[in-house]
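Below is the sequence, then the predicted model.
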Amino acid sequence: MADHYEVLGVARDATTDEIKKAYRKLARQLHPDVNPGADASERFKSVTHAYDVLSDAKQRDNYDRGGNGRTGGGAGGGFDGNFGNFGDIFETFFGGGGSTRGPRSRRERGQDALIRVELDLDEIIFGTHRDLEVDTAITCTTCSGTCCQPGTAPVTCDICHGTGNIQRAVRSLLGNVMTSSPCGSCRGYGTIIATPCVTCQGQGRVRARRTVPVDIPAGVDTGLRLQMPGSGEAGPAGGPNGDLYLEMKVRHHEVFSRDGDDLLATLEVPMTDAILGTSATVKALDGDIEVELKPGTQSAEVITIKDRGVTRLRGNGRGDLKIGVHVVTPTRLDHKERELIEAFASRHKAPAPALSAFQQGLFAKLRDRFRG
């Protein structure tokens, strides 16, 4: 059983490039299309398997530590290294091993990207525009995604002749069977980039920051994701872009809250204004609003201002602005104020305080009336 390094004629500390160079030289000499002899066929299988092991860092490390990976070298060797597991045997016996596939493309679709966008409550009423700075992969402008230095092009692999696969005869219980595996020289692409682009290192894309203009529709809410097809990362070798997903988060507002398409707020009203009635100008998210309070207004009453809520995401129109009234009772009175209140109380004899059925607190009542 020959040593992989001896099969390729390289030292045990040979670099990946030295191993690849040695393999390509031997493969040209021993390929069945060039040298149809039986001995050359056996050597070609040994050379290819040795390269498959030593060109893969993990397999090479395992081999150097004494793991299995040695090639079968003689005519009486039985199954060779290609039959290391039942998957290969099953594939060979039931027809998969003899099939050939075309070379695989270097062009692949880019990955999708996810960005979280924070919005203020006033921005979602009518929608907003954002120019987002995204750190992503873009197509290399030097090679335009070809992976090659300008003025050059990929060359056909002289080992697999552009097929991306290597066929080899393998002895089995059923006799000699032709198997096909990706070419170790071109990695199954069928071509070799002899002069990679120095800007992208032969990847066809580079990392960069780019600006993505986004029109965010009105009515979005926290957790909603917007999909922007084709705005994700550029694919390798000029492959199509993935998609960009924007996940919304609406910031907390100190005054207004949201219930579906409605906006909710609380209006604090002095006791005297609640008794006598008044009008007030309040500042909403989209401008001033006139609020009329009828005489005798009670805490937890809800004033509804139609069409001053959030624009509906799917549909026409807007929700409402619902304002809950909170009557504020004074806690500190001077002597004159106390006399006035006492005079008022003496003119309006009310029943003495007494227990009655339990009632919800102000905010619970407001919640139910908001939603009612």
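Yep, it's here. Fair warning: this is a prediction, and the values are worked out from it, not measured in the lab.

So Asp215 sits against Asp131, correct?
No: counting by CB atoms under 8 Å, Asp215 does not reach Asp131; the two are 10.6 Å apart. Heads up, the C-betas are built off the backbone N, CA and C, glycines and all.

quick one: contacts for the residue nearest in space to the middle of the chain?
Closest to where the C-alpha atoms of the chain average out (CA atoms, centre = their mean) is Ala113, at 3.6 Å. Going by CB atoms under 8 Å, 6 or more residues apart in numbering, Ala113 touches Val134, Thr136, Ser231, Gly232, Glu233, Gly242, Asp243, Leu244, Tyr245.

count of residues packed around the residue lying closest to it once chain neighbours are set aside?
Computed as CB to CB, 6 or more residues apart in numbering, the closest residue to Ala113 that is not its neighbour in sequence is Gly232, at 4.5 Å. By the criterion of other CB atoms under 10 Å, Gly232 has 24 neighbours.

what separates Gly232 from Ala345, distance-wise?
For Gly232, the distance to Ala345 (CB to CB, to the nearest Å) stands at 71 Å.

can you check Asn62 too?
Taken as CB to CB, the span from Asn62 to Ala345 is 95 Å.

Looking at those two, which one has more neighbours?
Counted by other CB under 10 Å, Asn62 and Ala345 do not tie: Asn62 has more neighbours, with 14 against 10.

for that one, helix, strand, or coil?
helix (DSSP: H, G, I helix; E, B strand; the rest coil).

again, but for Ile125
Put simply, Ile125 is helix when judged by three-state DSSP.

wait, doesn't it sit right on Arg312?
No: the criterion here is CB under 8 Å, and Ile125 misses it with Arg312 at 10.9 Å.

who touches both of those two?
Residues touching both Ile125 and Arg312 (CB under 8 Å, 6+ apart): Ala218, Arg318.

Which of these two has more residues huddled nearby?
Set side by side, Ile125 and Arg312 show more neighbours around Ile125, with 20 against 14, by other CB under 10 Å.

can you map out the helices along this structure?
4-8, 16-30, 38-54, 57-64, 86-93, 123-126, 271-276, 335-347, 362-371 (DSSP state H).

Lowest average confidence across those helices, which one?
Least confident of the helices of the chain, judged by mean pLDDT, is helix 86-93 with a mean of 41.

care to break this protein down by domain?
Listed domain ranges for the chain are 1-60, 113-154+193-250, 256-371 (source: the TED database).

Could you give the separation of the first one from the chain centroid?
Yep, that's domain 1-60 we're talking about. Relative to its chain's centre, domain 1-60 lies at 41 Å (CA atoms, centre = their mean, to the nearest Å).

same deal with the longest one?
The chain centroid and the centroid of domain 256-371 are separated by 46 Å under CA atoms, centre = their mean.

Could you pull up the residues touching the residue nearest to Leu264 when sequence neighbours are not counted?
Spatial nearest neighbour of Leu264, chain neighbours left out: Ser257 (4.8 Å); criterion: CB to CB, 6+ apart. Going by CB under 8 Å, 6+ apart, Ser257 touches Leu263, Leu264, Ala265.

just checking, Ala169 touches Ser41?
Yes: applying CB under 8 Å as the test, Ala169 and Ser41 come out as touching, 6.3 Å apart.

For stretch 312-326, list every residue counted as buried.
If you call a residue buried by 16 or more other CB atoms under 10 Å, then stretch 312-326 has these buried ones: Arg318, Gly319, Asp320, Leu321, Lys322, Ile323, Gly324, Val325, His326.

Including distance to Lys58 and pLDDT, could these go into TSV?
What follows is the buried residues of stretch 312-326, written out as TSV (distance: CB to CB, whole Å; pLDDT from 0 to 100):
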residue	distance to Lys58	pLDDT
Arg318	61	92
Gly319	59	93
Asp320	64	95
Leu321	64	94
Lys322	64	94
Ile323	67	93
Gly324	66	93
Val325	72	93
His326	69	93
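
Lowest mean pLDDT among the helices and strands of this protein, which one is it?
helix 86-93 (a mean of 41; mean pLDDT, DSSP states H and E).

Lys246 and Gly223 touch, don't they?
Actually, residue 246 is Leu rather than Lys. No: with contact defined as CB under 8 Å, Leu246 and Gly223 do not form a contacting pair (11.7 Å).
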